[in-house]
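Engineer: here you go, sequence then predicted model.
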Amino acid sequence: MLETFINLGLFVMLVATAVAITRMRRLFGVTMMASVFSLLSAMLFVTLDAVDVAFTEAAVGAGISTVLMLSTLTLTSRIEKPTTRSPLVPLVVTAITGAAIIYGTLDMPNFGDAHSPAQVGVAARYMAESPTDIDIPNVVTVVLASYRGFDTMGETAVVFTAGAGVLMLISGLRRRRRKGDDKKEETS
């Protein structure tokens, strides 16, 4: 019962943070609230016993993304420019996408159902044999670090490459901006 209240409380805070993000116009505040959203998401994943997903969300969502967005803010304006277009089209697209996602979840098995596809087949083998095969009690760690080790290493390489690419783009923009400032000083 307590776990349900904690999950509900975290979900309400997530929704409140998302609404606050959509209402803010100062980009620094939006960046900070997005970081808070990622941390709340990570806490929700921990309560759902998805510690690996929580760790990734905290590291990438709250950590790296916040640093990259703050770096980007040094190159841009601090306040969002007012939009001249109607928000009706994005609202309709979002509503249709949300309806499609909800429709796609209608035939999913109940949460924790022992006969769901995720619980039968190879998952039962992992649960039964991993403590004796690898001697690690956490099955999620066993699957990610041992059975899917190369896949996890590949995902880590992709995240690292994406972060390095964004940092190179930001440094290139900063150099271009400095060159533009130098040319302005020379002409004046």
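Structural biologist: The structure has been received and is ready for your questions.
Engineer: for the closest residue to residue 159 other than its chain neighbours, which three-state class applies?
Structural biologist: In this structure, residue 159 finds its nearest non-sequential neighbour in residue 60, 6.4 Å apart by Cβ to Cβ, 6 or more residues apart in numbering. (Glycine included, C-beta is placed from N, CA and C.) Assigned by DSSP: H, G, I helix; E, B strand; the rest coil, the conformation of residue 60 is helix.
Engineer: just the pLDDT at residue 60, thanks.
Structural biologist: Per-residue pLDDT puts residue 60 at 84.
Engineer: right, and it touches residue 162 too?
Structural biologist: No: using Cβ atoms under 8 Å as the test, residue 60 is too far from residue 162 to be in contact (9.4 Å).
Engineer: looking at the two, which is more packed in?
Structural biologist: Taking neighbours as other Cβ atoms under 10 Å, residue 60 and residue 162 compare with residue 60 leading, 16 against 13.
Engineer: ok, the most centrally placed residue in the chain to residue 44 distance?
Structural biologist: Of all residues in the chain, the one closest to the mean position by Cα atoms, centre = their mean is residue 61, 4.5 Å from it. Here the criterion is Cβ to Cβ, to the nearest Å. By it, residue 61 lies 12 Å from residue 44.
Engineer: just residue 151 next, same as before
Structural biologist: Plainly put, residue 151 is 25 Å away from residue 44 if you go by Cβ to Cβ.
Engineer: and those two? Which one has more around it.
Structural biologist: Neighbour totals were compared for residue 151 and residue 44, and residue 44 leads with 20 against 11 (other Cβ under 10 Å).
Engineer: who are the contact partners of the more buried one?
Structural biologist: 7, 10, 11, 14 (Cβ atoms under 8 Å, 6 or more residues apart in numbering).
Engineer: now do the helices in the protein.
Structural biologist: Applying DSSP state H to the chain gives helices spanning 2-23, 27-47, 51-56, 65-73, 88-104, 122-133, 139-142, 149-187.
Engineer: appreciated, that's everything.
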